[in-house]
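Engineer: sequence and predicted structure below; questions after.
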Amino acid sequence: MILQKIWYNAVKLFLRISLHFYAQKIVVKGQKNIPKKGAVLFAVNHPNALMDPLFVTTFNPRENHFLVRADVFKKPLIKKFLTSLNLMPIFRIRDGIKQLSNNDEVFEKCFKILQKKQTLIIFPQGGHSRKRTIQPLSKGFTRIVFGALERFPELGISVIPVGITYQNSSVYPSKVCVQFGEVIDAKAIYDSNIPAKAILILKEKVSNQLKKLTVHIPDDENYETTLSKLNASNVDFIKVDLVNKFIAENTIPKAQKKQLNLLNPLYYLILLNSFFPYLIWKKFSKNIKEIEFVDTMKFSINLLTCLFFYSFQALIVSMLFNFKTGLFYFLISIFMVFFFTKSAPTNTENC
């Protein structure tokens, strides 16, 4: 148990540092809303595959358990690694009707997690989508919350909606905003209403908060027009309140020219220095079937391969010259990536 906790916190710290090499700016709001103790279910929107739980948990003071789509657990080594970090598979209809029965066991694990007054991260929209809108929520997360309350009547569960917004999904570097919403007392809803009504009330409360915690464009006939105007205006999407105000009041600023990237020479220098990681990424990228997984794969592959090859190349430099030169090469390689990430313009794209 102690070793698992050390492992979890070590990986969490490593990922938290690594995410600053992915995102130019990371804004986190509402952390004060997270109870220091007690059962908490975080209900998060889901625009960017496994990048979403990474951002939510690494900037969350609590140790978290996650429900993620079952198909990422197919390979034994990946399954073992994900399980060690408190990730659990959730099966969907597309995984096969027979697989859905496995969710009963998963739900039982979730009930026990909440009983132990731990935390759980769930994506209640039922799937990921880059679309900048909050889709109707599935009732799966309410089944977990109210199922736990049914089994353990004295248990109190806080439900906290979490909005995550990217300036550009799948475009490097991006900017990211994570907003933790206000606590919803699930037990009060459960105790005061019949089950069917309690489900509707909880879903509505979570949905209403999510529409304020992330950029929400109503999914109607004007969606594409509104999105195009926002992209043309090059708005800063991580200023969530301001952008939502533009949408609600139809006061989107006029189109602006994209910022010129004067750091392109540095980018190509980094690319040259990362030639082998780049080749590996290009090979893996051909097999990505869903655009929402581009960032996840890019971040994972580059994180591991760049560290390996920079270290290997630094070893070669050390052998050719001396240790200090090799160490300098390694540090300057890391610094160039960090500097570019934090300094390159982040124009909006059609996403």
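Structural biologist: Good, I have the coordinates. Residues are numbered from 1 along each chain as shown.

Engineer: in stretch 45-64, what's buried?
Structural biologist: 45-60, 62, 64 (16 or more other C-beta atoms under 10 Å). Where C-beta positions appear, they are placed from N, C-alpha and C, glycine not excepted.

Engineer: tell me where the stretch 151-300 of the chain has helices.
Structural biologist: 186-192, 195-213, 223-232, 240-249, 264-273, 275-285, 294-320 (DSSP state H, counting those that start in this stretch).

Engineer: same for the fourth one, what does it pack against?
Structural biologist: Which is helix 240-249. helix 195-213, helix 223-232 (3 or more C-beta pairs under 8 Å, 6 or more residues apart in numbering; DSSP states H and E).

Engineer: what's the closest of those to residue 321?
Structural biologist: Set against residue 321 and scored by C-beta to C-beta, those come closest in helix 223-232, at 47.9 Å.

Engineer: for the closest one, which residues meet the burial criterion?
Structural biologist: Those would be 226, 227, 229, 230, 231, 232, for helix 223-232 by 16+ other C-beta under 10 Å.

Engineer: export it as CSV, just CAs?
Structural biologist: Written as CSV, here are the backbone C-alpha positions of helix 223-232 (Å, rounded to 0.1, in the frame of the first residue of the first chain):
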residue,chain,number,x,y,z
TYR,A,223,-22.8,25.9,-33.9
GLU,A,224,-20.4,25.8,-36.9
THR,A,225,-21.0,29.5,-37.6
THR,A,226,-20.3,30.5,-34.0
LEU,A,227,-17.2,28.3,-33.8
SER,A,228,-15.8,29.7,-37.1
LYS,A,229,-16.3,33.3,-35.8
LEU,A,230,-14.5,32.4,-32.6
ASN,A,231,-11.6,30.8,-34.4
ALA,A,232,-11.4,33.8,-36.9
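
Engineer: off-centre distance for it?
Structural biologist: 23 Å (C-alpha atoms, centre = their mean, to the nearest Å).

Engineer: quick one, it and helix 240-249 angle?
Structural biologist: 130 degrees (axes from the mean of the first three to the mean of the last three C-alpha atoms, to 10 degrees).

Engineer: which helices and strands does helix 223-232 pack with?
Structural biologist: Short answer (3+ C-beta pairs under 8 Å, 6+ apart): helix 223-232 packs on helix 240-249.

Engineer: could I get the average pLDDT for the helix it packs on?
Structural biologist: Taken as a whole, helix 240-249 carries a mean pLDDT of 97.

Engineer: who touches it?
Structural biologist: The contact list for helix 240-249 (C-beta atoms under 8 Å, 6 or more residues apart in numbering) reads 163, 165, 177, 179, 211-218, 226, 230, 235-237, 251-253.

Engineer: how about stretch 53-67?
Structural biologist: Contact with stretch 53-67 is made by 5, 8-9, 12, 15-16, 19, 26, 28, 31, 34, 36, 40, 42, 44, 68, 86-90, 106, 110, 113, 118-123, 162, 164, 176, 178, 180, 299, as judged by C-beta under 8 Å, 6+ apart.
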